[in-house]
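Enquirer: could you look at this predicted model? Sequence included:
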Amino acid sequence: MGIEISGVNKNFGDFVALRDIDLTIPSGGLTALLGPSGGGKSTLLRIIAGLETSDSGTIEIEGQDTTRVPAQRRNVGFVFQHYAAFKHMSVAKNVAFGLEIRKRPKAEIKRRVDELLELVHLEQFAHRLPAQLSGGQRQRMALARALAIEPSVLLLDEPFGALDAKVRKELRDWLRRLHDEVHVTTVFVTHDQEEALEVADSIVVINDGRIEQIGTPDDLYDKPASEFVLSFLGPVTTLGDKLIRPHDIEISRLEQAAVVDGPITRWTRIGFEIRLEVTPTDPRYTEPVQVTVTRSEATALDLHQGDHVWLRPSVGAQSLPTP
Amino acid sequence: MTELSTVRHPRRTRATYVRRAIVLAYLFFLVVWPVSLVVIHTFSDGNHLVAALQDPVVVFALQMTVVVAFWAVIINTVFGVGMSLLLVRYEFPGKGLLNSLLDLPLSVSPVVIGLALLLAYGPRDGTFAPLLGAIDFQVIFSVPGIIMATAFVSLPLVIREIVPVLQEVGTEQEQAARSLGAGGWQTFRRITLPSIRWALVYGVVLSLARSLGEFGAVKIVSGNITQQTQTATLVVEDKYLEFERGAAYATSFLLTLIAVAALVIVTILRPKEKK
């Protein structure tokens, strides 16, 4: 059940957007398709919605083969990055659109629209035009509009990509809570690993038209299947001949068994966190090592720029051999 | 900052007034003065307007012009919207060629267009003469030919207004409508049409003005037969050449009046819509 994708291929001319995608998206979950721009994740979402056709393969939604079903009969809610608000209609009319198309009775439409506007906290904006709303409000309206048709799946294409950082964070939390309330199978596309890790139940990492890894946020972070997943999900540095996260490195001012030692050559403080660069004395390692410590750690260890330090992986740190 | 404000509120120097005077003089001598002379002559030495409206030739021609303009505008609106959608929303071989062909009616002299239609649909040696003769349908020297010629010359006006708006609006709203369950026609009527509405109104008004004023192409295909195929612009020429100048002025005045009225109505309607 949920969404069953098998053997999907898609080319745009010479460009291979998706190759041989097999994927099961569980019913009722909140799944993120994560990957860099142009990796094919949006194309896959649009194929599920029927806004794009695949060259081969099949799509099943809740047990029904929808490969040949046109978009308007798939009963899929779709939210666009740039809202796709109906500019000439009021907020209430926007939300009512799908229900009016379905010729529901007037009273029912009104009740449902009121309910949804309350759900997305736009009750007092019902009679405004989309142009009179902020970006975040427009996207919430678009969500209400998509939810109005009681879709079997809700698809969101970079839903918070056009919003500023603070609103994006608010809407992220809000989407998570909304999903806990509504429980509709939800798939969203994002290139922001933090967004995926924070919101999703499971993450599908897509790169270069292929699925790199599928798993829970913890799985992906702790057991990355490839260098790509490791580096895409967070910062990565080279310690000796291993790839490792900068915060998984143990740093010491006293000589001890270490992989690499050298002076701190760069010191950048960002809020509570300090990013250091250590240039190895060993000539085999040319790249400086990035190390992240908290401000209190730095104080406790009495670290300063120019200090000679010894580095080794901290206990339980995940690492991959360098390619 | 100071520079910015200078740009926004230029100091009124003598040069400013000279520039304004040049623009105003240009507009006055090219447009305002000549057109106002038509109005003045219509109402000088007796009311030519009343006289003209009692002349059956003029009345017939005015009716003919309205009928022809009406059908030409209808045809151009339907085809214009269809063509614009085709040009903006679909990719097909020969699109570039079609796009440049669409400007042909504006760049080619209407006389040439009239001749071309005469050659294609003429009753004696036109390409379709045998076919049209067989079903006893007269195109040239008749109303269908006049409508064709008028539609031809004003063909691009609706398209050129709608295409940029369609491009700007994009397809996302249409896709959203589809995903919400709207079919092709519902999407067009509820989403596409409202977003191009004002461009369409402008295109229609421009088409209407152009159709009312068409002379060259119509003169050739109509045969200019009094009270049968004569439109208002042809009457203006005829009356002027026959030294019935009062009737010529009065008819011109009416043609101008209709065109100005159309533009005024659109200007009044438009800001209301924006609120």
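Expert: Thanks, I have it.

Enquirer: now the helices for the stretch 51-200 of chain A?
Expert: When assigned using DSSP state H, counting those that start in this stretch, the helices of the stretch 51-200 of chain A occupy the ranges A:91-101, A:106-119, A:135-148, A:165-182, A:193-199.

Enquirer: who in the stretch 1-150 of chain A is up against chain B?
Expert: If contacts are counted using CB under 8 Å from any CB of the partner chain, the residues of the stretch 1-150 of chain A sitting beside chain B are A:49-51, A:70-78, A:80, A:82, A:84-88, A:97-98, A:101-102, A:142, A:145-146, A:148-149. Yep, even glycine has a C-beta here, placed from its N, CA and C like the rest.

Enquirer: just the buried ones from these?
Expert: For those, burial is judged from neighbour counts taken by 16 or more other CB atoms under 10 Å in any protein chain shown, and it is met by A:49-51, A:71-72, A:74-78, A:80, A:84-86, A:88, A:97-98, A:101, A:142, A:145-146, A:148-149.

Enquirer: what does stretch B:182-198 contact?
Expert: Counting contacts by CB atoms under 8 Å, 6 or more residues apart in numbering or on different chains, the residues outside stretch B:182-198 that touch it are A:72, A:86-88, A:97, A:101, B:81, B:84-85, B:162, B:165-166, B:169, B:173-174, B:177-178, B:200, B:270, B:273.

Enquirer: from these, which ones fall inside helices?
Expert: Where the contacts of stretch B:182-198 overlap with helices, as defined by DSSP state H, the overlap consists of A:97, A:101, B:81, B:84-85, B:162, B:165-166, B:169, B:173-174, B:177-178, B:200, B:270, B:273.

Enquirer: can you give me the helices for the stretch 1-150 of chain B?
Expert: Taking DSSP H, counting those that start in this stretch as the criterion, the stretch 1-150 of chain B carries its helices at B:2-8, B:14-27, B:33-43, B:48-54, B:56-89, B:95-101, B:104-107, B:110-121, B:129-134, B:143-153.

Enquirer: hang on, residue A:293 packs against residue A:253?
Expert: No - counting by CB atoms under 8 Å, no contact exists between residue A:293 and residue A:253, whose distance comes to 12.0 Å.

Enquirer: out of the two, which sits in the busier spot?
Expert: Neighbours were tallied for residue A:293 and for residue A:253 using other CB atoms under 10 Å in any protein chain shown; the higher tally belongs to residue A:293 (20 against 14).

Enquirer: where does that one land on pLDDT?
Expert: Residue A:293 carries a pLDDT score of 91 in this model.

Enquirer: and it, its phi and psi?
Expert: Main-chain dihedrals, residue A:293, degrees, to the nearest 10: phi -130, psi 160.

Enquirer: any idea how far chain B is from it?
Expert: Residue A:293 sits 45 Å away from chain B, going by CB to the nearest CB, to the nearest Å.

Enquirer: so for the closest residue in space to that residue that isn't next to it in sequence, what's the pLDDT?
Expert: Nearest residue to residue A:293, sequence neighbours excluded (CB to CB, 6 or more residues apart in numbering or on different chains): residue A:274, at 5.5 Å. pLDDT recorded at residue A:274 is 92.

Enquirer: please apply the same query to residue B:128.
Expert: The predicted local confidence for residue B:128 comes out at a pLDDT of 79.

Enquirer: do you know how far the residue nearest to it when sequence neighbours are not counted is from residue B:115?
Expert: Taking CB to CB, 6+ apart, and ignoring the residues beside it in sequence, residue B:128 has residue B:121 as its nearest neighbour in space, at 5.5 Å. Residue B:121 sits 12 Å away from residue B:115, taking CB to CB, to the nearest Å as the criterion.
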